[in-house]
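Q: One predicted model, sequence on top.
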Amino acid sequence: MTRVCLVEDDDSSLPLDLYGYDTARRALATYDLTEPWDNTVVLDTVSLGAAVSLLNDLNWYLARLTSDAFVQDPSVSRHEWLSRPLAREIRDGNVSPDDPINRLKVYGVENGRLVDPTNVLRGSGGDGDYERSEYDDTVVVRVTQDEFF
């Protein structure tokens, strides 16, 4: 299963605000939404393509209600997420899922919320741990070169 994570904007309350829009509610009707972090909504899709398509369908709402959206596909990494643009690039075949990605956005987890996204440059393309001792945990999102700069 490919997972989609939506991070709420400071001024919104997901999923309540998403369900306030009829079109968004219909697009999400077939998915079970969970909230692994207090300021997120996560759902499972059948593939990377389905995840990117869903994000495209929800684009108008995401632009107004979320600060970020990313995807986790087990065929790429079981521990790291992909930014929406990187997921689209992989889906379209412009980037190989096996290509090393060394540009990351690392979120801290504090009091059950994703906070303080920070760009980190990894020395190699492999999986790694990112010590941010001020936080309980971290969430690593691989990003494109354009997103990093």
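A: Yep, it's here. Remember, it's a predicted structure, so these values are computed and weren't measured experimentally.

Q: now the helices for the chain?
A: 16-19, 22-28, 48-57, 59-65, 84-91, 145-148 (DSSP state H).

Q: To Gly112, which of these lies closest?
A: helix 16-19 (17.4 Å; Cβ to Cβ). Every C-beta, even on glycine, is put in place using the N, C-alpha and C of the backbone.

Q: residue contacts, Pro36?
A: By Cβ atoms under 8 Å, 6 or more residues apart in numbering, the residues touching Pro36 are Val42.

Q: and it, how far is that from Ser75?
A: 21 Å (Cβ to Cβ, to the nearest Å).

Q: do Asp68 as well
A: When Asp68 is compared with Ser75 (using Cβ to Cβ), they lie 22 Å apart.

Q: Same question for Leu121.
A: Applying Cβ to Cβ to Leu121 and Ser75 gives a distance of 25 Å.

Q: what is the residue nearest in space to the middle of the chain paired to in the beta sheet?
A: Residue closest to the mean C-alpha point of the chain, counted by Cα atoms, centre = their mean, is Phe70 at 1.6 Å. Counting by DSSP bridges, Phe70 forms beta bridges with Cys5, Ser83.

Q: and the gap between it and Arg25?
A: 22 Å.

Q: before we move on, back to that, Asp68 and Ser75 - which one has more neighbours?
A: Between Asp68 and Ser75, counted using other Cβ atoms under 10 Å, Asp68 has the larger neighbour count: 19 against 11.

Q: Could I get the contacting residues of the more buried one?
A: With the criterion set at Cβ under 8 Å, 6+ apart, Asp68 makes contact with 6-7, 83, 117, 141.

Q: Repeat that for Asp57.
A: Ala27.
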